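S.K.: Pasting the sequence and the predicted model now:
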Amino acid sequence: MSEIIRFGVSLEKNLLQRFDRLIRGKKYTNRSEAIRDLIRQEMVKKEWEEGGEVAGAVTFIYDHHKRDLLNRIMDLQHDYQKIIISTQHIHLDHDNCLEIVAVRGVAKEVLELADALKALKGVRNGTLSMTGTGKETK
């Protein structure tokens with residue numbers, strides 16, 4: 001278990017009140033855990049910016065009737081197979097499919113894949129959710 005170090009933080013009263021409302025809304029049990037999460041979030045952001053390893057999911061919805069779209073999606077996934085951990089395909093209705101692509105790799109390559117998938121004609125929308133792998137934020 002890690003050694004815990006206590007330190008003080010000085011904040012304006014109004015800022016602290018707003019922070020307390022924010023963390024109550026997010027169901028944190030105390031300020032320390034909320035501050036730890038904020039620090040971890042900034043460390044993950046730094047990993048992204050410096051080309052560190054990230055994990056995440058590319059989620060997108062597409063029209064499965066769009067000619068040749070599924071082949072283009074598969075081609076891209078094969079091009080980036082070294083960073084793709086798994087995929088999940090869900091039929092939302094007669095026209096729309098949801099694809100979830102779990103990824104792990106260098107942030108730049110993950111962003112490239114997400115952008116390429118979202119840019120395909122017939123993809124209605126998509127999002128990328130990235131986080132660190134947990135190695136650097138313990």
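M.R.: Nice, thanks for sending it over. Residues are numbered from 1 along each chain as shown.

S.K.: Could you name the helices and strands sitting against the lowest-mean-pLDDT helix or strand in the chain?
M.R.: Using mean pLDDT, DSSP states H and E, helix 31-49 stands out as the lowest-scoring helix or strand of the chain, at a mean of 84. Where contact means 3 or more Cβ pairs under 8 Å, 6 or more residues apart in numbering; DSSP states H and E, helix 31-49 is packed against helix 13-25, strand 53-63, helix 107-119, strand 123-132. (Glycine included, C-beta is placed from N, CA and C.)

S.K.: now with 6 Å?
M.R.: strand 123-132 (3 or more Cβ pairs under 6 Å, 6 or more residues apart in numbering; DSSP states H and E).

S.K.: How far does the strand it packs on sit from its chain's centre?
M.R.: On the basis of Cα atoms, centre = their mean, to the nearest Å, strand 123-132 sits 7 Å off its chain's mean C-alpha point.

S.K.: cool, and stretch 72-87?
M.R.: Put simply, stretch 72-87 sits 17 Å off its chain's centre (Cα atoms, centre = their mean).

S.K.: Sort out which residues of the least confident helix or strand of the chain are buried, please.
M.R.: Residues of helix 31-49 classed as buried by neighbour count (16 or more other Cβ atoms under 10 Å): Ala34, Arg40, Val44, Glu47, Trp48.

S.K.: how about the residues you listed in CSV, adding distance to Cys97?
M.R.: Converted to CSV, these look like this (distance: Cβ to Cβ, whole Å):
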residue, distance to Cys97
Ala34, 38
Arg40, 34
Val44, 30
Glu47, 32
Trp48, 28
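
S.K.: one step back: send the alpha carbons of the least confident helix or strand of the chain over as CSV?
M.R.: The C-alpha atoms that make up helix 31-49 are tabulated as CSV, following Å, rounded to 0.1, in the frame of the first residue of the first chain:
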residue,chain,number,x,y,z
ARG,A,31,-12.6,16.1,-0.8
SER,A,32,-9.4,14.0,-0.8
GLU,A,33,-10.8,11.4,-3.2
ALA,A,34,-12.1,14.1,-5.5
ILE,A,35,-8.7,15.8,-5.5
ARG,A,36,-6.9,12.5,-6.2
ASP,A,37,-9.2,11.9,-9.2
LEU,A,38,-8.5,15.4,-10.5
ILE,A,39,-4.8,14.8,-10.2
ARG,A,40,-5.1,11.4,-12.0
GLN,A,41,-7.2,13.0,-14.7
GLU,A,42,-4.4,15.6,-15.4
MET,A,43,-1.8,12.8,-15.4
VAL,A,44,-3.7,10.9,-18.0
LYS,A,45,-4.1,14.0,-20.1
LYS,A,46,-0.3,14.5,-19.9
GLU,A,47,0.1,10.9,-21.1
TRP,A,48,-2.1,11.6,-24.1
GLU,A,49,-0.2,14.7,-24.9
